[in-house]
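*Asks:* turn this into a structure:
(one chain, ligands or ions: 1)
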Amino acid sequence: MPAPPPARRASLHAIKEGPNPMANTVLTLKKKVDEGHKVTMVTSYDYTMAALTEAAGIDMILVGDSLGMTMMGYDSTLPVTMDDMVHHTRCVTRATENTFVVGDMPFMSYQASLEQALENAGRLMKEGRCQAVKLEGGARCVEQIRAMVEAGIPVVGHLGLTPQSVNAFGGFKVQGKSEEAARQLVDDALAIEAAGAFCIVLECVPANLATYITERLNSAFTIGIGAGNGCDGQVLVVQDMLGMTAGGFKPKMVRQFAQVGQVVVDAFHAYDEAIQSGDFPSSAESYKDLDPEVMNQVRSN
Ligand code: KIV
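*Replies:* The predicted model follows:
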């Protein structure tokens, strides 16, 4: 179990000591990109995984609404609620000190009105204590993004295969494949950058198109997932990259950097065998016996 990190500084403390110089911010992330480095992001949804991500020095955590599938067992992200997102985002931010945490706006938490979008983005920041919010969509989200940015909320955009629109797309498919669709993606990226998004996730788009969009943007940087290596950074769903997916399905865009799922199953088998054989717990793993005299008295009463 990773040791808990020191709590984020109380404001008076922070004023006295100055800001945490190790913390990733919108400014340090952009600087990293401008200096030619790649930004690293993984999803995390709970305290333990967030503490490990922080320990590894990953730049950004996305508390993605993919938690609907990875943590809650739904078959899409659509049923995820604001309460689910606030709960998981707060679990993650209890573990982070330096990692920049982005909370995802779930389906229908920002589409109905500007008021609804602002209220829910505010909840993620105030209750979830993340440093930015992410929402899916291009030109149609410009008003929401502008209002959030004006309210002081940093916004990450998300274009390409946006899973909340899976029903509109007719399935999980690569986006931007025709000239028209590709132009639309470029226009959407420029529109949400102009509205104030500081970062844009590009999911499942042809690599050369993602590279072109990255080159066209000025103030915003791109994070790719299934979008080739021309983006400014990369994100993967943590269960995918650690080989923790049930059934072993691996999308083309995923690289498994470990086989954690198999390690866990092997450990559970070993645990079961050790219990059945009487090997666990050993005397070294048990507390000191009660004094024999006291034990005799217990037995005699
Ligand atoms: O919800 C999520 O995890 C995401 C990533 C796949 C980018 O949106």
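*Asks:* hey, let's count contacts and neighbours off CA atoms from now on
*Replies:* Noted.
*Asks:* now the closest residue to the ligand within the chain: closest residue in space, sequence neighbours ignored.
*Replies:* Checking the chain residue by residue against the ligand with C-alpha to the nearest ligand atom singles out G64 as nearest, at 3.3 Å. Once flanking residues are discounted, G64 sits nearest to D104: 5.1 Å by C-alpha to C-alpha, 6 or more residues apart in numbering.
*Asks:* with M244 instead?
*Replies:* For M244, ignoring the flanking residues on the chain, the nearest one in space by C-alpha to C-alpha, 6+ apart is G261 at 4.2 Å.
*Asks:* residue contacts, the one you found?
*Replies:* Remark: with contacts taken as C-alpha atoms under 8 Å, 6 or more residues apart in numbering, G261 is in contact with 242-245.
*Asks:* mind checking the SS state of it?
*Replies:* Classification of G261 into helix, strand or coil gives helix, according to DSSP: H, G, I helix; E, B strand; the rest coil.
*Asks:* just the one 3 residues further on next, same as before
*Replies:* When the structure is reduced to helix, strand and coil (three-state DSSP), V264 reads as helix.
*Asks:* for the stretch 1-150 of the chain, which residues are neighbours of the ligand?
*Replies:* 43, 64-66 (C-alpha under 6 Å from any ligand atom).
*Asks:* ok, the residues you listed vs S113, which is closest?
*Replies:* D65 (20.0 Å; C-alpha to C-alpha).
*Asks:* how many neighbours does that closest one have?
*Replies:* 29 (other C-alpha atoms under 10 Å).
*Asks:* show the pLDDT at P163.
*Replies:* Turning to P163, the model gives it a pLDDT of 91.
*Asks:* G228 now?
*Replies:* For G228, the model assigns a pLDDT of 98.
*Asks:* which residue packs closest to it, ignoring adjacent ones?
*Replies:* In space, not counting the residues next to it along the chain, G228 is nearest to A207; the distance is 4.3 Å by C-alpha to C-alpha, 6+ apart.
*Asks:* returning to what we had before: kindly reformat the contacts of G261 as CSV containing pLDDT.
*Replies:* Compiled in CSV, those are given as follows (pLDDT from 0 to 100):
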residue, pLDDT
L242, 97
G243, 96
M244, 94
T245, 83
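*Asks:* which SSE is I223 in?
*Replies:* When secondary structure is defined using DSSP states H and E, the element that contains I223 is strand 221-225.
*Asks:* and that strand, how far out from the chain's middle?
*Replies:* Using C-alpha atoms, centre = their mean, to the nearest Å, the distance from the centre of strand 221-225 to the centre of the chain it belongs to is 13 Å.
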